[in-house]
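Student: My questions concern the predicted model and sequence given below.
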Protein chains: 2
Amino acid sequence: MKNYRKTDGNLPIGGQLALSLSKIQAMNPVVFTSDIVGDLSRELESYAPERIFVLTDENTRKYCLPVVRNDKIGEERIMTIPAGETHKSLRSVEMIWEILSARQARRNSLLINIGGGLVTDVGGFAASCFKRGIKCINIPTTLLAQVDASVGGKTGINFNGFKNEIGIFSAPEKVMIDVTFLKTLPPRQILSGFAEMLKHGLLCGGEHLKKLLGVDRDVISTAGFSALLKESVEVKERVVTEDPKEKGMRKSLNFGHTVGHALESAAIEEGTEFYHGDAVAHGMIAELYLSVLKKGFDRCLYHEIRTFIQALYPVYTPSASPEKLYGWMLHDKKNEKEGVNFTLLEAPGKVSIDNYCSRREVTEALEILSKRD
Amino acid sequence: MKNYRKTDGNLPIGGQLALSLSKIQAMNPVVFTSDIVGDLSRELESYAPERIFVLTDENTRKYCLPVVRNDKIGEERIMTIPAGETHKSLRSVEMIWEILSARQARRNSLLINIGGGLVTDVGGFAASCFKRGIKCINIPTTLLAQVDASVGGKTGINFNGFKNEIGIFSAPEKVMIDVTFLKTLPPRQILSGFAEMLKHGLLCGGEHLKKLLGVDRDVISTAGFSALLKESVEVKERVVTEDPKEKGMRKSLNFGHTVGHALESAAIEEGTEFYHGDAVAHGMIAELYLSVLKKGFDRCLYHEIRTFIQALYPVYTPSASPEKLYGWMLHDKKNEKEGVNFTLLEAPGKVSIDNYCSRREVTEALEILSKRD
């Protein structure tokens, strides 16, 4: 078991972060903008791509593409995939490749992905494999995509029933974040992104976590929220810069996701509508419970966070047995040895990776999810 | 037009190469071996992968896999794709992903690709996208794969009728070259690889080129040939190390390939059996002709090389019109602006990249191919 507590476990927002900011900016090209039209236009002038392609889903084509409008985007190079997780598929990627190939995309062509994580993951993967890589710009339009998928260069699709089974690490040229897109987003989608922010808060601790736990439900997505979002993106940037290929510290970002992914798979199988963030939020409850059990995480704080999450997020009790959920966790790619590998917390900001938990411990943690204090 | 003549154009085998050898070894992990069984066994012990998968084609499964034999390779994790260019396809990659997923390959699993360039390109692509990248070892078993596909980390598949339309740059952990595999190779396949060696000779010039032009047809593939092969691999390693992502100097490796790929596409469409190396050899005649025309390449040496190639390689006169061949060249990914972009030579060892040739010049060069002195 590797323990990064003493050296790398703390992820404060302040001084320590500033040290490697230039390194971060070089690797993670996130820009916050309140003038997406002007900033995109300047970006496109600086690259001067021969041809510009755009990928949207059905919703972002209708609601977001008109906001982004740019003269250089020709109608015949706009590609649209249906919304929904089932379209995070090889078939969608093939469709993109066929259009890029038929409409003569070249190595210096550019793909602009406008949408949630599905669009940026699928489009990023398609672009990075076309002619061994064409450039892309991501314009994430959901809170989840802005705070999570926007940073770290993970691209991918689901395959053979498993999430993100196929994909590569490949960073876009630029990620342009405009919070005004959030205003038209349904509240449940806002909550889904907020779960990842809460995770970042637990990983870095301190004032940032306090602000998150004190946030008013109605404030999320307003202008005042924008500073908190920036801080959250910086936490992820810091972790990813330290460990771009997920060999060590980046595993901390899996916090809440080992249980979360299993819950998500169960919900998909049942046909229950359960968002990624809903799953991660409940996954964090289970994994904080394991942190109390194995790493001495403060029991009172665990209860406070559990209450906070249960008040915000819909409860979901999967009909799949703990055995089946455990099986899904075993397949999860974060498990390199036999057994389920968890990222746990000793305290907010004190991360411990590569903790193997037994079937009994995991089952106990799953049972917690249907209970309330 | 960029001209690398004064700074980087020379690619001598000797002193200059030695300077960056450590850099090369770090990036291009090619090892020559005469004990493939022992060396592979030691490699596998050093990685200790959880599960080992093997990819072969029908021929290498029969003739090469038994040579490589290793106790750690379980029958149920051997995958076989049919031989032949049509199987350098997304369907082959999908088949590999399905087996890797179903037989629980994990991030620290390893794929061993045993075969020609088709197997190493397809297997390399499949591995680099599975769970965002698992390791592979390549064991190239054809001269072409040993001298060309083994170095440089290009992986890929054909798509939408275009060669290598989909793929990424991703280097294997190790490339193990054993010349004893060449002994069972048909002479035409040997010749196919020899064309790439000749290209390397033209790119570096000097003694190495002389040795190649003086080589006896019967010597190719014998033990004495092995030193020449090593020198040839070193030329490619040097170029790729300077420019791994093909932004400048690596384009020199396209010499002979712009015309060559068009000839290959024509032959595939007609159903004529015409090997990659055959196409490159004739492509080099055409592109040397353009070099005489535009870069002052020595006319006598051009005739000498043309005679040498025409004596060794089967002649092919495509039924496709020069217009159609020109159209294929325009689609070729090496062309970043309108027009066909060629790598030409001022002299052996003096490379000039990014030369745009007109339709008339290209047509003239194509007509040369059916003529003899």
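Tutor: Cool, got the structure. Numbers count the residues shown, from 1 in each chain, chains lettered A, B, ... in the order given.

Student: per-residue pLDDT, the residue most central in space within chain A?
Tutor: Residue closest to the mean C-alpha point of chain A, counted by CA atoms, centre = their mean, is A:Asp148 at 3.2 Å. Listed pLDDT for A:Asp148 reads 91.

Student: So it versus A:Ile99, what's the distance?
Tutor: Distance, A:Asp148 to A:Ile99, using CB to CB, to the nearest Å: 27 Å. Bear in mind the C-beta positions are built from the backbone N, C-alpha and C, glycine included.

Student: quick one on the thing from earlier: now do the contacts for the residue nearest to the centre of chain A.
Tutor: By CB atoms under 8 Å, 6 or more residues apart in numbering or on different chains, the residues touching A:Asp148 are A:117, A:193, A:196, A:236.

Student: what secondary structure does the last one sit in?
Tutor: I take that to be A:Lys236. Recorded secondary structure, A:Lys236: helix (DSSP: H, G, I helix; E, B strand; the rest coil).

Student: Look up the closest residue to it, ignoring the ones flanking it.
Tutor: Among residues not flanking A:Lys236 along the chain, A:Val151 sits closest, at 4.5 Å (CB to CB, 6 or more residues apart in numbering or on different chains).

Student: isn't that neighbour right up against A:Thr241?
Tutor: No: counting by CB atoms under 8 Å, A:Val151 sits too far from A:Thr241 to count as a contact (9.4 Å).

Student: The two: which has the busier surroundings?
Tutor: A:Val151 (29 against 21; other CB atoms under 10 Å in any protein chain shown).

Student: can you pull the pLDDT of the more buried one?
Tutor: Looking at A:Val151, its pLDDT is 87.

Student: That one sits in which helix or strand?
Tutor: Under DSSP states H and E, no helix or strand contains A:Val151.

Student: Return the residues in contact with it.
Tutor: Going by CB under 8 Å, 6+ apart, A:Val151 touches A:28, A:30, A:175, A:233, A:236-237, A:240.

Student: any idea how far it is from A:Ile36?
Tutor: With the distance defined as CB to CB, A:Val151 ends up 18 Å from A:Ile36.

Student: Equivalent analysis for A:Asn160, please.
Tutor: Taking CB to CB as the criterion, A:Asn160 is separated from A:Ile36 by 37 Å.

Student: Next: A:Gly206.
Tutor: 32 Å.

Student: Ok, A:Ile157 next?
Tutor: According to CB to CB, A:Ile157 stands 27 Å off from A:Ile36.

Student: Next one: A:Asn108 from A:Ser370, what distance?
Tutor: For A:Asn108, the distance to A:Ser370 equals 54 Å [CB to CB].

Student: and these two? which has more neighbours close in?
Tutor: Set side by side, A:Asn108 and A:Ser370 show more neighbours around A:Asn108, with 15 against 11, by other CB under 10 Å.

Student: Wait, a helix at the more buried one?
Tutor: No: A:Asn108 is assigned coil when assessed by three-state DSSP, not a helix.

Student: ok, it - contacts?
Tutor: Contacts of A:Asn108 (CB under 8 Å, 6+ apart): A:49-50, A:134-135, B:336.

Student: Just name the closest of those residues to B:Pro187, please.
Tutor: For B:Pro187, the nearest member of these is B:Glu336. The distance, counting by CB to CB, is 37.8 Å.

Student: For that closest one, give me the pLDDT.
Tutor: Looking at B:Glu336, its pLDDT reads 53.

Student: Tell me the secondary structure at A:Tyr316.
Tutor: Strictly by three-state DSSP, A:Tyr316 counts as coil.

Student: From chain B, how far off is it?
Tutor: To chain B, A:Tyr316 is 26 Å away according to CB to the nearest CB, to the nearest Å.

Student: show me the contacts for that residue.
Tutor: A:263, A:267, A:272, A:274, A:278-279, A:282, A:369.

Student: again, but for A:Ala266
Tutor: A:318-320, A:324-325, A:328.

Student: Which of these are buried? Put it as a PyMOL command.
Tutor: Restricted to buried positions by 16 or more other CB atoms under 10 Å in any protein chain shown, the PyMOL selection for the contacts of A:Ala266 reads:
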select buried, chain A and resi 318+320+325+328
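
Student: right, and the pair among the contacts of A:Ala266 with maximum separation?
Tutor: Spatially, the most separated pair among the contacts of A:Ala266 is A:Ser319 and A:Trp328, at 13.8 Å (CB to CB).

Student: before we move on, the earlier item: in helices only, show me the contacts of A:Val151.
Tutor: Among the contacts of A:Val151, the members falling in helices (DSSP state H) are A:233, A:236-237, A:240.

Student: among these, who's most crowded?
Tutor: A:Lys236 (25 neighbours).

Student: In contact with it, which residues?
Tutor: Residues in contact with A:Lys236, defined by CB under 8 Å, 6+ apart, are A:147-148, A:151-152, A:200, A:253.

Student: quick revisit: the contacts of A:Asn108 in strands, which ones?
Tutor: Residues of the contacts of A:Asn108 located in strands (DSSP state E): A:Lys135.

Student: Give me the pLDDT value at A:Gly339.
Tutor: 75.

Student: That one: neighbour count?
Tutor: A count of nearby residues for A:Gly339, using other CB under 10 Å, gives 15.

Student: Could you do A:Arg69 as well?
Tutor: Neighbour count for A:Arg69, taken as other CB under 10 Å: 11.

Student: same thing with A:Gly153?
Tutor: Per other CB under 10 Å, the neighbour tally for A:Gly153 reads 18.

Student: Name all residues that make contact with it.
Tutor: By CB under 8 Å, 6+ apart, the residues touching A:Gly153 are A:28, A:124, A:169-172, A:240, A:244.

Student: Dump those residues into CSV; add pLDDT, distance to chain B and secondary structure as well.
Tutor: Conversion of the contacts of A:Gly153 to CSV gives the following (pLDDT from 0 to 100; distance: CB to the nearest CB, whole Å; DSSP: H, G, I helix; E, B strand; the rest coil):
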residue, pLDDT, distance to chain B, secondary structure
A:Asn28, 56, 17, coil
A:Gly124, 97, 12, helix
A:Phe169, 93, 6, strand
A:Ser170, 93, 8, coil
A:Ala171, 91, 13, coil
A:Pro172, 95, 15, coil
A:Val240, 87, 13, helix
A:Pro244, 78, 11, coil
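
Student: Wondering if the helix or strand in which A:Val93 is found reaches chain B at all.
Tutor: Per DSSP H and E: A:Val93 is located in helix A:90-102. Yes: Helix A:90-102 lies within reach of chain B by CB under 8 Å from any CB of the partner chain, at A:90, A:94, A:97-98, A:101-102.
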